[in-house]
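Novice: Sequence plus predicted model, see below.
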Amino acid sequence: MEDKARPRKQRHTTKRIYDRLVEEYGFKGSERTARYYVAKRKMEFQIGEVEPYIRLEHPGREAQVDFGLSKL
């Protein structure tokens, strides 16, 4: 949660989190295990946040066609 307040370039990467776990706590698990856990936690923290894009809706049975001239 602290990383969210930091500038993007100063946030912890999953690799850095894994390295700190090994150095500071003697973590015996694999880096892949740490990656799964971090990805899961990030998804939990993002619940309720606004999507960063607007979903494009296209009405059914309509299409746009360009009947321009092409040189073959």
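Specialist: In hand now; what should we look at? Numbering: from 1, shown residues only.
Novice: Give me the nearest residue to F27, chain neighbours excluded.
Specialist: L21 (3.8 Å; Cβ to Cβ, 6 or more residues apart in numbering). Quick note: C-beta positions are derived from backbone N, CA and C, even for glycine.
Novice: which residues sit in contact with the one you found?
Specialist: 27, 29, 34 (Cβ atoms under 8 Å, 6 or more residues apart in numbering).
Novice: what's the answer for E31, then?
Specialist: 14-15, 18.
Novice: same deal with G29?
Specialist: Applying Cβ under 8 Å, 6+ apart to G29 gives the contacts L21.
Novice: So for it, what's the pLDDT?
Specialist: As predicted, G29 sits at a pLDDT of 92.
Novice: again, but for K71
Specialist: So, for K71, pLDDT stands at 68.
Novice: Which helix in the protein has the most residues?
Specialist: helix 31-45 (DSSP state H).
Novice: buried residues in that helix?
Specialist: 34, 38 (16 or more other Cβ atoms under 10 Å).
Novice: what about Y18, neighbour count?
Specialist: Neighbour count for Y18, taken as other Cβ atoms under 10 Å: 21.
Novice: That one against F27, yeah?
Specialist: Yes. Using Cβ atoms under 8 Å, Y18 is in contact with F27, at 7.5 Å.
Novice: any shared contact partners between these two?
Specialist: A34.
Novice: pLDDT weak spots in the protein?
Specialist: For the chain, applying pLDDT under 70 flags the ranges 47-52, 58, 70-72.
Novice: Helices of that one, residue ranges please.
Specialist: Under DSSP H, the chain gives helices at 2-5, 14-25, 31-45.
Novice: mind checking how far the second one is from the chain centre?
Specialist: Averaged C-alpha coordinates place helix 14-25 at 20 Å from its chain's average position (Cα atoms, centre = their mean, to the nearest Å).
Novice: Pull out the buried residues from that helix.
Specialist: The neighbour-count check on helix 14-25 (16+ other Cβ under 10 Å) flags 17-18, 21 as buried.
Novice: and these as a markdown table, adding distance to K42?
Specialist: What follows is those, written out as a markdown table (distance: Cβ to Cβ, whole Å):
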| residue | distance to K42 |
| --- | --- |
| I17 | 11 |
| Y18 | 15 |
| L21 | 16 |
